[in-house]
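Participant: Give me a model of this one.
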Amino acid sequence: QVQLVESGGGLVQAGGSLRLSCVTSGRTYRTYTMGWFRQAPGKEREFVAAITWSGGSTYYADSVKGRFTVSRDNAKTTVYLQMNSLKPDDTAVYYCATAAAIYYSGSQSPGAFNSWGQGTQVTVSS
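Facilitator: A predicted model of the protein is given here:
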């Protein structure tokens, strides 16, 4: 069982930056890919980014490429999402999650992940 707690959300103006953190606990953390998703009101949960357990591979949604950076510190069992050049369309609740399988195929489906955190709100004003 893995527990995940996100933090770092808040209100920021367009063009600003935020860094989200996801602290994890549980014996499976080090071997699994970690992902970030977001969900805006009335919309489906969508993939944002993912990082393999070694940090050697990262994946991004097209909408955030070049603006967001995912990283992890395995010593601290923490995953980060650095978000720059934020836009009002980035407003959503952001969730971190653990990939359901040790081998991560690069899938952007929420079904490829489990053990979700409670989420942190990010609001970008125009």
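Participant: V93: what secondary structure?
Facilitator: Assigned by DSSP: H, G, I helix; E, B strand; the rest coil, the conformation of V93 is strand.
Participant: how far away is the closest residue to it other than its chain neighbours from A50?
Facilitator: Closest residue to V93 apart from its sequence neighbours, by Cβ to Cβ, 6 or more residues apart in numbering: G119 at 4.2 Å. C-betas here are computed from N, CA, C, even on glycine. Distance from G119 to A50, counting by Cβ to Cβ, to the nearest Å: 17 Å.
Participant: any idea how far the residue nearest to V93 is from V79?
Facilitator: According to Cβ to Cβ, G119 and V79 sit 14 Å apart.
Participant: since we're on Y94, how many residues are nearby?
Facilitator: Y94 has 23 neighbours, counted by other Cβ atoms under 10 Å.
Participant: ok, it touching Y80?
Facilitator: No. In this structure, Y94 is not within contact of Y80 by Cβ atoms under 8 Å, at 11.7 Å.
Participant: Residues that sit against both of these two, list them.
Facilitator: Residues within reach of Y94 and of Y80 at once, by Cβ atoms under 8 Å, 6 or more residues apart in numbering, are L20.
Participant: out of G119 and V79, which sits in the busier spot?
Facilitator: V79 (30 against 18).
Participant: Contacts only, for Y60.
Facilitator: Counted by Cβ under 8 Å, 6+ apart, Y60 has contacts V48, A49, F68, V70.
Participant: Pretty sure the second one sits against S63.
Facilitator: No. Contact criterion Cβ under 8 Å: A49 and S63 do not qualify, at 10.6 Å.
Participant: okay, those two: which has more neighbours?
Facilitator: A49 (25 against 14).
Participant: what secondary structure does that one sit in?
Facilitator: The three-state assignment at A49 reads strand, by three-state DSSP.
Participant: Report the beta-bridge partners for it.
Facilitator: With beta bridges defined as DSSP bridges, A49 has these partners: W36, Y60.
Participant: for it, what are its contacts?
Facilitator: Per Cβ under 8 Å, 6+ apart, neighbours of A49: G35, W36, T58, Y59, Y60, A61, V64, F68, V70, L81.
Participant: That one and S125: what is the separation?
Facilitator: Going from A49 to S125 by Cβ to Cβ gives 23 Å.
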